[in-house]
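Participant: Give the three-dimensional model of this entry:
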Amino acid sequence: MNFLFYLELHPIRSSHLTFIHVLHKISGLVGNHDDFSMHVLCSRHIYRIACCLYPSLIPFFIQPTVIEQENIDCLLDKNWMESGRFDWASLMSGDHNPKYKIYADVLGSILDHRTVDVVCHWGTNRTIRTICDAKNIPIISHELGCVRSPYFESIAMDRVGVNGDALVVTQGVTVTDNSVYDKKYVCKASEVDPMVDFNINKNNIYTNVDVVFERLGLKNNTSFIYIPLQLEDDANFLLFSDFVDNIAFVKQVQSTVKNKLLVVKAHPGMSQKRHRKAYREMVLYCEQQNIIFLGFDSKLSSLDLLTACQQVVTINSSVGFEALLLDRDVTVYGQACYKINEHKTYFEAIDKSNCDVGLNTIKNNVIKQLMHSYLHHSNVLMLPSDYFRVVRAVLNDQKIELKSNNSMCAPPYWKKVCAEIVKRISDVFV
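Facilitator: The predicted structure follows:
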């Protein structure tokens, strides 16, 4: 099979660095392998870096022409937070704006002149999906998964989309699972314990609750709701929520859970310059509303708060899924891969279902469905044979058994290599 991995041709957040990181993640898949070959379509900016880092793979990198790249670079307003992020959201949403025709010209020309069986893509871009659909070429979307350390590092792969576009969202996450799957490649989700199967030891995750309450300045066992903030220029926030900013979201939560103690934690990325204005406004708002606010430099981690909180309320943060893993109640205001259809809470899903099942049963079935159809161990990107197996399963809507202790193990030097290459990229690019 012939794969084409499409890396966005435009800068995001006024930088191409995001997709240089992605290129590094997939570099082990580029080239000719036993089951497939993979080429990469990338911007001329990334192409220059790629040729320096991976000279042996140069024949597998494809770039637009100089004029095409100049036209693409002008599509997104360089004033990112004021307007550029909304231009990006328009492109991701598949808006039929004539100015996006350049993508159809560039990608379409390659698909017309090359044999491509599958287009792989990172993130959300309905414009690219529309182009591929018109040519009857399947596309697989990739994204960092909603499970990470100290659980395991995951990647999401889906034939429809990721995050709010994922197949589990468009078809609905079910409360029970009675399906039968091809046992050669997959296993029944109902036969798998979501924590044990992935070698997750809760004792290694839970923290000292007394310390959490002490640092919050609260008495032990005080009931509170944990609200993890998200970046306002993140694709999940822009495409899969109805909020213009984090303050609007917190106000909505306040109106719904009146007289409840709220603990709001800043996203680590809010330390970046472009988010400082929103960060200061949130600090001021929380002070005025007697909301406990934890900055990006707080000594309390998200897992600390999950250990002590009564409930998590989120737009669609990965923290919501982590909360399910730790048996916390979750309310979801946006679209998320772990959300049950249109229901904000899992209790609501129970009330409106015809199934006589308990809350934990529903949670476990949601977790199992995600871990055996949407989420995969990130090491799959380093082993072509395993990657091909997952692609085949995703294209055929199969659920695949992918344990963290199987053949998909990272070489012990992987993190060191990753850090070194990222440093080299930064030195060259910046």
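Participant: In PDB, could you pull the C-alpha coordinates for the helix or strand where residue 72 lies?
Facilitator: Assigned by DSSP states H and E, residue 72 belongs to helix 66-73. The C-alpha trace of helix 66-73 is given here as PDB (Å, rounded to 0.1, in the frame of the first residue of the first chain):
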ATOM      1  CA  VAL A  66       7.600  28.400  -4.400                       C
ATOM      2  CA  ILE A  67       4.400  30.300  -5.600                       C
ATOM      3  CA  GLU A  68       2.100  27.800  -3.900                       C
ATOM      4  CA  GLN A  69       3.900  28.200  -0.600                       C
ATOM      5  CA  GLU A  70       3.800  32.000  -0.800                       C
ATOM      6  CA  ASN A  71       0.000  31.900  -1.400                       C
ATOM      7  CA  ILE A  72      -0.500  29.400   1.500                       C
ATOM      8  CA  ASP A  73       1.600  31.500   3.900                       C
END
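Participant: Contacts for that helix next, please.
Facilitator: Contact partners of helix 66-73, identified using Cβ atoms under 8 Å, 6 or more residues apart in numbering, comprise 9-11, 43-45, 63-64, 102-103, 105-106. Just so you know, the C-beta spots here come from the backbone N, C-alpha and C atoms, and that holds for glycine as well.
Participant: Closest one of those residues to residue 267?
Facilitator: residue 11 (21.2 Å; Cβ to Cβ).
Participant: returning to what we had before: now do the helix holding residue 72: distance to the chain's middle.
Facilitator: How far helix 66-73 lies from its chain's middle: 28 Å, per Cα atoms, centre = their mean, to the nearest Å.
Participant: quick one, helices of the stretch 101-250 of the chain?
Facilitator: 101-113, 126-134, 167-170, 209-216, 235-239, 246-256 (DSSP state H, counting those that start in this stretch).
Participant: for the stretch 251-400 of the chain, same thing?
Facilitator: Using DSSP H, counting those that start in this stretch, helices in the stretch 251-400 of the chain cover 276-288, 302-308, 318-325, 346-351, 359-369, 384-395.
Participant: okay if I get the ones you listed as TSV plus distance to residue 145, mean pLDDT and mean neighbour count?
Facilitator: Output for the helices of the stretch 251-400 of the chain, formatted as TSV (distance: least, Cβ to Cβ, whole Å; pLDDT from 0 to 100; neighbours: other Cβ atoms under 10 Å):
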stretch	distance to residue 145	mean pLDDT	mean neighbour count
helix 276-288	26	97	14
helix 302-308	16	92	21
helix 318-325	8	89	23
helix 346-351	20	67	16
helix 359-369	13	74	20
helix 384-395	12	92	19
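Participant: which stretch among these comes nearest residue 247?
Facilitator: helix 276-288 (5.4 Å).
Participant: Report the inter-axis angle for that closest one versus helix 246-256.
Facilitator: Going by axes from the mean of the first three to the mean of the last three Cα atoms, to 10 degrees, helix 276-288 is angled at 30 degrees with respect to helix 246-256.
Participant: one step back: most neighbours among the contacts of helix 66-73, please name it.
Facilitator: Among these, residue 9 has the most neighbours (other Cβ atoms under 10 Å), with 26 neighbours.
Participant: start to end distance for stretch 312-331?
Facilitator: Separation of the first and last residues of stretch 312-331 by Cα to Cα, to the nearest Å is 6 Å.
Participant: Now do it: distance to the chain's middle.
Facilitator: From the chain centre to the centre of stretch 312-331 is a distance of 14 Å (Cα atoms, centre = their mean).
Participant: Same check on stretch 259-277?
Facilitator: For stretch 259-277 - counting by Cα atoms, centre = their mean - the centre lies 19 Å from the chain centre.
Participant: Okay, now the unreliable bits of the protein?
Facilitator: 172-206, 341, 343, 346-347, 349-359, 400-430 (pLDDT under 70).
Participant: Can you spell out the domain ranges of it, please?
Facilitator: Residue ranges for the domains of the chain, per automatic domain parsing: 2-188+376-429, 197-372.
Participant: re earlier: pull out the buried residues from the helix holding residue 72.
Facilitator: 68-69, 71-72 (16 or more other Cβ atoms under 10 Å).
Participant: Put together CSV for the helices of the stretch 251-400 of the chain, with distance to residue 84 on each row.
Facilitator: Formatted as CSV, the helices of the stretch 251-400 of the chain follow (distance: least, Cβ to Cβ, whole Å):
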stretch, distance to residue 84
helix 276-288, 15
helix 302-308, 28
helix 318-325, 24
helix 346-351, 37
helix 359-369, 35
helix 384-395, 32
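Participant: of all the ones you listed, which lies closest to residue 26?
Facilitator: helix 384-395 (8.9 Å).
Participant: Next up, phi/psi of residue 301, please.
Facilitator: phi -90, psi 170 (degrees, to the nearest 10).
Participant: and if you look at residue 160?
Facilitator: Torsion angles, degrees, to the nearest 10, at residue 160: phi -110, psi -50.
Participant: Give the full set of residues in contact with it.
Facilitator: Counting by Cβ under 8 Å, 6+ apart, residue 160 makes contact with 141, 166-167, 170.
Participant: how about 7 Å then?
Facilitator: Contact analysis of residue 160 by Cβ atoms under 7 Å, 6 or more residues apart in numbering lists 166-167, 170.
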